[in-house]
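[1] sequence isn't available, so here's the structure alone:
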């Protein structure tokens, strides 16, 4: 039941030969070229097995190497969002040993990322932390990521003394020794993302005049000294990876040519592999978002690979196993580092190796996981509600299979059907339209949103394979329960657009946002969009790209407030180039001339336009829930029919409902 425009075809006899060729990082042989890149989960702050379960699940999934990060090498000195388990002292060794044993039990390899950030409490007291760097420099906020422009992220740092630099070099070497003692197979030195070492390399942030500043060799000295110290304490043969930017993506950052020279010197220092992770965290340029083309940064790895003789890993927006295999087969990189794709599907490597490509639950680049982290919350995943919850749910079949009806074929209804069918229940899914997908069928239509199609394809494929009885073009009514006699019903009837009470709303120049997206309604050259939430912003960009003159009219003080922070600024940056935005304005009436509105101060305005698009939000379609209450023993409601929300909410509720049947 996958809509034709979403179908994709694979050559069934194609194999991921390049991706699944063994490779060595120093003496360490990996069975394939897929690395799980270091990510911060914040699961380790909890006193349970969640953190270890997360990595163990991905070890079972077949990745060649898991990199655990970011493990602090110097005392972080503040209450941070970087987790709880670190390498700056011995007291975390037991838990790290537990993690490495769990990963090794599945035959996988695991590395520790040695992270050195820009704050330090050298006397070991959390209340005496200070921000440190190579030089005292004010970081200009122009062209930086909005989330990193606050004083908490850009304080004036204190320049380290030479003795303190030597102490940090020793601390990083000691951390590497702890990693080896904890059972890690390798370590990864972080020299990217704007961390302390990254700032030493950059002449804008490093203005020293001693042996750690000035020439490229001097600015690199802390890195090469750290590498030497690591080798001294773990041995030259212990696998050492270095994660570098290759492009700082800042107005005053290092370019690719500068990083190529740095890479050559890092190789000479004795590292065994390089992993390319472009940009500082502070960059305003998109790196992870859905709008970034797949494989957008592979050229950086390919360029670095041309000047070094050690393996190079590509990273960033590589969510498709076919693309990963192509990159390796074309010699653009030796390894593929995947972070969010393995959050979305821990079994991606295994499925790719078995040529089950349509069974891979692909990362959609929605950046929900990133948004959680910048708010100090443990990550979760929009498409994989089970991420980080491996030990919380029953495995295997239900001891009492039931007959289940699911009403509504949007993401929540499909996920509930998938999970319930996996547990052995007999599932019938009703959808009133001629295709599955619900609101996701509209979500894929605005610019740069087509990655959501991956989720529709995945869910459709799974429920077809699980023999869910799919009944399209069928409006389910409460009276049908008597014939079906289900043991349980899950209502996922979704939401519908709100039609606001505005004088003139029924005029011919007024159309709905979804109707415009679907191409069922046309608009004139000059368009006003009433509503500046996510839908209003996306329809604005949709119309702008078709050459329309667009004005967003929003009664709140800003637009896009319901978009996650990690993606919001990217969309607003694009809208700032040509879309007129009017906030704090309340629409009072619609006329033949356009939109009449008022401001809180009482000013009256007329926006002269040809067409008005209504995008003020959605309201739940929940009548069926009440109609069924006295007709079925077990009933639950999920997704937008309870409260309009995000894809993540629908998937999470569908997953939970499927488990609880």
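    Now that the structure is in, tell me what you want to look at. No experiment lies behind these values; they were computed from the predicted model shown. Numbering: from 1, shown residues only.
[2] helices or strands up against the lowest-mean-pLDDT helix or strand in the chain?
    Lowest by mean pLDDT, DSSP states H and E among the helices and strands of the chain is strand 119-120, with a mean of 82. Under the contact definition 3 or more CB pairs under 8 Å, 6 or more residues apart in numbering; DSSP states H and E, strand 119-120 sits against strand 130-133. Every residue, glycine included, has its C-beta placed from N, CA and C.
[3] switch the cut-off to 10 Å
    strand 130-133, helix 162-181 (3 or more CB pairs under 10 Å, 6 or more residues apart in numbering; DSSP states H and E).
[4] using JSON lines, lay out those together with mean neighbour count, mean pLDDT and distance to residue 489.
    Rendered in JSON lines, the data for these read as follows (neighbours: other CB atoms under 10 Å; pLDDT from 0 to 100; distance: least, CB to CB, whole Å):
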{"stretch": "strand 130-133", "mean neighbour count": "19", "mean pLDDT": "88", "distance to residue 489": "56"}
{"stretch": "helix 162-181", "mean neighbour count": "20", "mean pLDDT": "97", "distance to residue 489": "52"}
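[5] before we move on, the earlier item: distance between the least confident helix or strand of the chain and the chain's centre?
    The gap between where strand 119-120 is centred and where its chain is centred comes out at 27 Å by CA atoms, centre = their mean, to the nearest Å.
[6] list the residues that contact the nearest residue to residue 616 once chain neighbours are set aside.
    Distance criterion CB to CB, 6 or more residues apart in numbering; nearest residue to residue 616, sequence neighbours excluded, is residue 531 at 3.9 Å. With contacts defined as CB atoms under 10 Å, 6 or more residues apart in numbering, residue 531 is in contact with 497-498, 500, 513, 537, 539-540, 552-556, 559, 587, 613-617.
[7] among these, which ones are buried?
    The neighbour count (16 or more other CB atoms under 10 Å) marks 497, 513, 537, 539-540, 552-555, 559, 587, 613-617 as buried among those.
[8] could you work out the most separated pair of those?
    Largest separation among the buried ones among the contacts of residue 531 by CB to CB: 497 and 559, giving 17.9 Å.
[9] okay, now the residue nearest to residue 353 when sequence neighbours are not counted: neighbour count?
    Take residue 353 and drop its neighbours on the chain: the residue closest to it by CB to CB, 6+ apart is residue 20, 5.3 Å away. The burial metric for residue 20, expressed as a neighbour count using other CB atoms under 10 Å, is 19.
[10] over to residue 19?
    For residue 19, the count of nearby residues is 24 (other CB under 10 Å).
[11] then the one 10 residues further on?
    Taking other CB under 10 Å as the neighbour definition, residue 29 ends up with a count of 11.
[12] ok, now the one 5 residues further on?
    The tally of other residues near residue 34 (other CB under 10 Å) stands at 31.
[13] who are the contact partners of it?
    Residues near residue 34 by CB under 10 Å, 6+ apart: 16, 19-20, 61-66, 313, 318, 321, 324-325, 328, 335-338, 341-342, 348-349, 352-353.
[14] residue 442 is in contact with residue 520, isn't it?
    No. Proximity of residue 442 to residue 520 does not meet the contact threshold set by CB atoms under 10 Å, at 11.1 Å.
[15] neighbour count: the two, which is higher?
    Comparing residue 442 with residue 520 by neighbour count (other CB under 10 Å), the higher total belongs to residue 442, at 19 against 10.
[16] gap between that one and residue 105?
    When distances are taken as CB to CB, to the nearest Å, residue 442 and residue 105 turn out to be 45 Å apart.
[17] ditto for residue 65
    If you measure residue 65 against residue 105 using CB to CB, the figure is 16 Å.
[18] higher neighbour count, these two?
    For residue 65 and residue 105, the more surrounded residue by other CB under 10 Å is residue 65, and the numbers stand at 29 against 11.
[19] give me the beta-bridge partners of the more buried one?
    With DSSP bridges applied, residue 65 shows beta-bridge pairing to residue 35, residue 109.
[20] would you verify that residue 645 is located in a helix?
    No. Remark: residue 645 does not belong to a helix; assigned using DSSP: H, G, I helix; E, B strand; the rest coil, it is coil.
[21] list the contacts of it.
    If a contact means CB under 10 Å, 6+ apart, then residue 645 has 412, 495, 562, 618, 639, 652-653 as its contacts.
[22] just the closest of these to residue 591, please.
    Closest approach between the contacts of residue 645 and residue 591, by CB to CB: residue 618, at 26.1 Å.
[23] my read: that closest one touches residue 410, true?
    No. Counting by CB under 10 Å, residue 618 sits too far from residue 410 to count as a contact (11.8 Å).
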